[in-house]
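In: The amino acid sequence is not available; the structure is as follows:
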């Protein structure tokens, strides 16, 4: 019977070992399947897939209780953001965050149809594109030091922030969107691959204050030298343009 | 009282309500068949891994649309197969699983000693050769049925056709394979 021979041939095949997909899938799962949001997922090339990453925001200063178990965990941002108390101060020798390569604003719009500009800041001095995040991330920069990064939050496995006690972490709302304002200390940003493994050389120091908020499927990260009032004014002015 | 592991439907129902741990159990349970199905369709382990992973993530996101009480595996395999086909198209034409079958036929020793090994190898090589002479549609349906041992209902989900169509496609593919072997 040729069917049986086929089965025997199948049994003799040298199948590549099945990879353990659980960690990678877990990292890309929001805490609950979004019931009504339509996820605009486009398959990426193998390289882009391999480079799918998540961001870990590390907010840390001195005088930190060295226990990650002492967790300040606030759920709400991007569906699954966590704020965790950091064990130590950031390494001030680290370089700045790699925000990607400069591109023209029109090109940024083309690559990231989700891109929204904050009316409060006028035209950005520069746009940058990074494909380290699934779906890509655009960062807009202004001459006074403000920088706004936008990415498809649903494509981000999760965002984990390590916050120390001296760092103020305030839960805020941008309109109806949940968010956090982090100030009082520099913080570290750690880029990890989709399996949660830190990519060498991606740990960077951010000196500014940061407002994070999540509006629908898009996550925003505003870095500024100024305070909460300014950050909120910028955030609430983000609109379709 | 003996506690039995939850079945797929229970896990899928819990996952549908947002239970991530239940979904992870489903991933653990079905990743071998998801990966191999994708491998049959793409012919590339790397593409198969990506397709399986993306398939699971999409399934998680699509759970609210999953019909309660329906069998989980065919639904999952349909999503994974879709991802695999997308990757296959993006990669262009490539030798599928039969190339691997041929390699295995040349290298896999049989457990019954050298003579049996030679015989098994020759027959397996013959069969692999006949398979590679078939069209891709035939090879795929034969692989899904006899190599992965998928029931017709799941093959239908993977191929996006009706179970009756699977039956006739299988029958035609077997006929052609017999002809190739006899030739």
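Out: Looks like it arrived, so ask away. Small disclaimer: the values here were computed from a predicted structure and weren't measured.
In: Quickly list what the nearest residue to residue A:137 once chain neighbours are set aside is bridged to.
Out: Nearest residue to residue A:137 in three dimensions, chain neighbours excluded: residue A:151, at 3.9 Å (C-beta to C-beta, 6 or more residues apart in numbering or on different chains). For the C-beta atoms, the positions are set from N, CA and C on the backbone; glycine is no exception. For residue A:151, the beta-bridge partners under DSSP bridges are residue A:137, residue A:219.
In: Burial check on residue A:151, number of neighbours?
Out: The number of residues packed near residue A:151 is 26, by other C-beta atoms under 10 Å in any protein chain shown.
In: Spell out which residues sit in contact with it, please.
Out: A:133, A:135-138, A:218-219 (C-beta atoms under 8 Å, 6 or more residues apart in numbering or on different chains).
In: Give me the pLDDT value at it.
Out: At residue A:151, the pLDDT value in this model is 78.
In: same deal with residue A:180?
Out: Looking at residue A:180, its pLDDT is 78.
In: Please identify which helix or strand holds it.
Out: strand A:177-183 (DSSP states H and E).
In: Could you list every helix and strand in contact with that strand?
Out: In terms of contacts (3 or more C-beta pairs under 8 Å, 6 or more residues apart in numbering or on different chains; DSSP states H and E), strand A:177-183 is packed against strand A:168-174, strand A:209-215, helix A:228-236.
In: tell me the angle the last one makes with strand A:209-215.
Out: In this case it means helix A:228-236. If you take axes from the mean of the first three to the mean of the last three C-alpha atoms, to 10 degrees, helix A:228-236 sits at 30 degrees to strand A:209-215.
In: Also the first one?
Out: In terms of direction (the same axes, to 10 degrees), strand A:168-174 departs from strand A:209-215 by 40 degrees.
In: Note down every partner strand of strand A:168-174 and its orientation.
Out: Here strand A:168-174 has these sheet partners by DSSP bridges: strand A:177-183 (antiparallel).
In: what's the spacing between residue B:82 and chain A?
Out: According to C-beta to the nearest C-beta, to the nearest Å, residue B:82 and chain A sit 10 Å apart.
In: That residue: which element?
Out: Per DSSP H and E: residue B:82 is located in helix B:72-91.
In: same question, residue B:59
Out: Counting by DSSP H and E, residue B:59 is part of helix B:45-62.
In: next one: residue A:16
Out: Going by DSSP H and E, residue A:16 is not part of any helix or strand.
In: How many residues are close by it?
Out: Residue A:16: 15 neighbours (other C-beta under 10 Å).
In: got the phi/psi numbers for it?
Out: Note on residue A:16: its backbone torsions stand at phi -60, psi 150 [degrees, to the nearest 10].
In: Can you check what pLDDT the model gives it?
Out: For residue A:16, pLDDT reads 77.
In: Any chance of the helices and strands packed on strand A:177-183 in JSON lines with mean neighbour count and mean pLDDT as columns?
Out: Listed next are the helices and strands packed on strand A:177-183 as JSON lines, based on neighbours: other C-beta atoms under 10 Å in any protein chain shown; pLDDT from 0 to 100:
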{"stretch": "strand A:168-174", "mean neighbour count": "15", "mean pLDDT": "76"}
{"stretch": "strand A:209-215", "mean neighbour count": "24", "mean pLDDT": "81"}
{"stretch": "helix A:228-236", "mean neighbour count": "18", "mean pLDDT": "92"}
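In: Relative to residue B:134, which of those is closest?
Out: strand A:209-215 (51.1 Å; C-beta to C-beta).
In: which helices and strands sit right next to the closest one?
Out: strand A:168-174, strand A:177-183, strand A:218-224, helix A:228-236.
In: so which of those gets nearest residue B:14?
Out: Taking these one by one with C-beta to C-beta, strand A:177-183 is closest: 25.9 Å.
In: ok, and for the closest one, which residues are buried?
Out: Within strand A:177-183, the residues that count as buried by 16 or more other C-beta atoms under 10 Å in any protein chain shown are A:177-183.
In: same question, stretch B:43-57
Out: Applying a neighbour-count criterion of 16+ other C-beta under 10 Å, the buried positions in stretch B:43-57 are B:43-45, B:47-57.
In: quick one on the thing from earlier: could I get the helices and strands packed on strand A:177-183 as CSV with distance to residue B:183?
Out: Shown next, in CSV, are these (distance: least, C-beta to C-beta, whole Å):
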stretch, distance to residue B:183
strand A:168-174, 71
strand A:209-215, 63
helix A:228-236, 71
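In: Compare the ones you listed and give me the one nearest residue B:154.
Out: strand A:209-215 (37.8 Å).
In: Strand partners (parallel or antiparallel) of that closest one?
Out: Using DSSP bridges, strand A:209-215 pairs in its sheet with strand A:177-183 (antiparallel), strand A:218-224 (antiparallel).
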